[in-house]
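Asker: Turn this into a structure:
(one chain, ligands or ions: 1)
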Amino acid sequence: MDDPKDDRAGLGTRAVWSGERGERWAGATQVSIALSVSFRYDTIEDWLEVALGRKPGHIYSRNTNPTVAAFEDKVKDLEGAEAATSFASGMAAISNTLFTLLAPGDRVVSIKDTYGGTNKLFIEFLPRFQIEVALCDTTDHQAIEAEIARGCKLLYLESPTNPTVKIVDIARLAQAAQARGGLVVVDNTLATPINQRPLELGADLVVHSATKFLGGHADALGGVVCGPRDLVGRIYHFREINGACLEPMSAYLLLRGMKTLHLRVRQQNENALRVARFLESHPQVAKVFYPGLESHENHDIACRQMTGFGGVLSFALHGGFDAVKRFLPRLRYAHLAANLGAVETVAGPPATTSHVESTPEERAASGIPEALIRYSVGIEDPDDLIADLRQALDGLGGVSAQGRSGK
Ligand SMILES: *Cc1c(COP(=O)(O)O)cnc(C)c1O
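Answerer: Model (predicted):
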């Protein structure tokens with residue numbers, strides 16, 4: 001295990017080489033997919049040494065597995081963390097982290113704009129265990145600080161958020177929570193470690209849905225949490241007991257995807273900014289949300305804490321949900337699907353994607369217009385994406401005129 005603090009290699013080099021130095025069958029250059037539930041020992045002494053954690057090795061794949069460990073090492077190095085542990089999905093990573101660190105009587109402070117599944121944990125599941133959750137307006141930093149001052153065992157943040165890509169000041173809020181003895185957890189799924197490293201901004205733990213940008217090819221589910229060895233060890237212990245472990249085959253697919261993470265994300269940053277600027281100039285578009293635009297309400301914070309603005313943007317059409325239904329099927333280069341962070345562009349309304357679990361009232365309370373479209377930019381040529389959006393928008397003429405006259 002390399003100590004990332006001693007590793008002066010750039011993020012691109014780490015994306016390719018981290019986690020790749022383990023033992024290989026017959027000298028294979030690629031990490032082997034260890035499709036084995038358990039690992040055999042020739043002597044009881046050896047078996048016992050490994051089982052007691054006195055020697056490195058693997059016993060049973062619900063606990064650890066060599067392919068899964070290589071994936072954890074790669075993410076850990078990219079986030080600059082001491083340790084990482086992985087899960088069957090992003091939601092498993094988030095649930096395990098929260099249920100490990102919280103107990104009855106604790107208080108959580110978070111924001112209204114967390115991922116739909118995370119929001120359900122906050123409003124439906126944690127309160128059943130007498131855990132109080134205060135959900136604040138996402139960009140009201142003073143209100144979040146005021147809630148932290150009332151008590152905060154854990155501050156849970158996401159930035160940029162999904163789908164309206166709001167930005168929260170991670171360093172400022174982390175400092176406020178830690179001054180009250182709180183732990184700070186950040187979901188870094190939309191930014192990726194290429195664009196934002198929350199541990200360097202003061203967070204205690206980083207969680208990811210590896211399903212999205214880390215894997216990047218929309219063919220494997222996975223989740224991961226990174227941070228200091230003691231905290232990650234506690235979360236790992238809960239996961240080995242509840243069994244939400246990552247599959248070796250998925251670990252391999254995610255590992256392979258991550259070797260091009262830096263190339264994909266750089267292209268997606270560039271594509272998203274060009275697409276966002278085009279959309280902002282189009283008369284059929286009512287509003288564009290992208291942290292790289294000067295019009296974004298927290299563009300200054302984004303410039304401070306991110307090195308790129310990410311591949312996800314959203315925009316609202318004139319003409320309501322009816323316009324959305326007519327517009328989306330016209331796109332040639334976009335899957336209409338509930339995913340993001342893939343090499344292909346993916347588009348969909350929050351009502352069927354990130355916030356399918358929410359009621360229309362809850363979506364409205366989170367500031368999500370019904371005519372909003374989430375657009376996760378792929379690695380295609382940006383000119384083709386812009387031409388595709390232009391033809392789909394131009395085809396909406398009538399509805400848009402109606403929508404605008406109704407305003
Ligand atoms: C998708 C997503 C999750 C949940 O991840 P799964 O792998 O689908 O369980 C959590 N947070 C964010 C920001 C996401 O986009």
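Asker: I'd like the distance between the closest residue to the ligand within the stretch 251-400 of the chain and Gln305.
Answerer: Going by Cβ to the nearest ligand atom, the ligand is nearest to Leu340 of the stretch 251-400 of the chain, at 6.1 Å. The C-beta positions use only the backbone N, C-alpha and C, and glycine is treated the same way. Distance of Leu340 to Gln305, computed by Cβ to Cβ, to the nearest Å: 20 Å.
Asker: One more: Leu396?
Answerer: Distance from Leu396 to Gln305, by Cβ to Cβ: 36 Å.
Asker: The two: who's more crowded?
Answerer: Ranked by neighbour count (other Cβ atoms under 10 Å), Leu396 and Gln305 place Gln305 first, with 23 against 20.
Asker: what's the distance between that one and Gln142?
Answerer: Gln305 is 18 Å from Gln142, by Cβ to Cβ.
Asker: swap in Lys153?
Answerer: Plainly put, Lys153 is 21 Å away from Gln142 if you go by Cβ to Cβ.
Asker: Same question for Thr189.
Answerer: Distance of Thr189 to Gln142, given as Cβ to Cβ: 26 Å.
Asker: what about the two, which has more around it?
Answerer: Thr189 (27 against 9).
Asker: Isn't the more buried one up against Gly341?
Answerer: Yes. Using Cβ atoms under 8 Å, Thr189 is in contact with Gly341, at 7.5 Å.
Asker: next one: phi and psi at Leu183?
Answerer: Dihedral angles of Leu183 (phi, psi; degrees, to the nearest 10) stand at phi -90, psi 140.
Asker: Report all helices and strands that the helix or strand where Val265 lies contacts.
Answerer: Per DSSP states H and E, Val265 falls inside helix 261-280. Judged by 3 or more Cβ pairs under 8 Å, 6 or more residues apart in numbering; DSSP states H and E, helix 261-280 is in contact with helix 11-17, helix 192-195, strand 285-289, strand 312-317, helix 382-394.
Asker: rerun that using 10 Å as the cut-off
Answerer: Helix 261-280 sits against helix 11-17, helix 66-79, helix 192-195, strand 285-289, strand 312-317, strand 372-376, helix 382-394, with contacts defined as 3 or more Cβ pairs under 10 Å, 6 or more residues apart in numbering; DSSP states H and E.
Asker: and Ser110, that one's in a helix?
Answerer: No. Assessed with DSSP: H, G, I helix; E, B strand; the rest coil, Ser110 is strand; it does not lie in a helix.
Asker: ok, now how distant is it from Thr118?
Answerer: Separation of Ser110 from Thr118 (Cβ to Cβ) stands at 8 Å.
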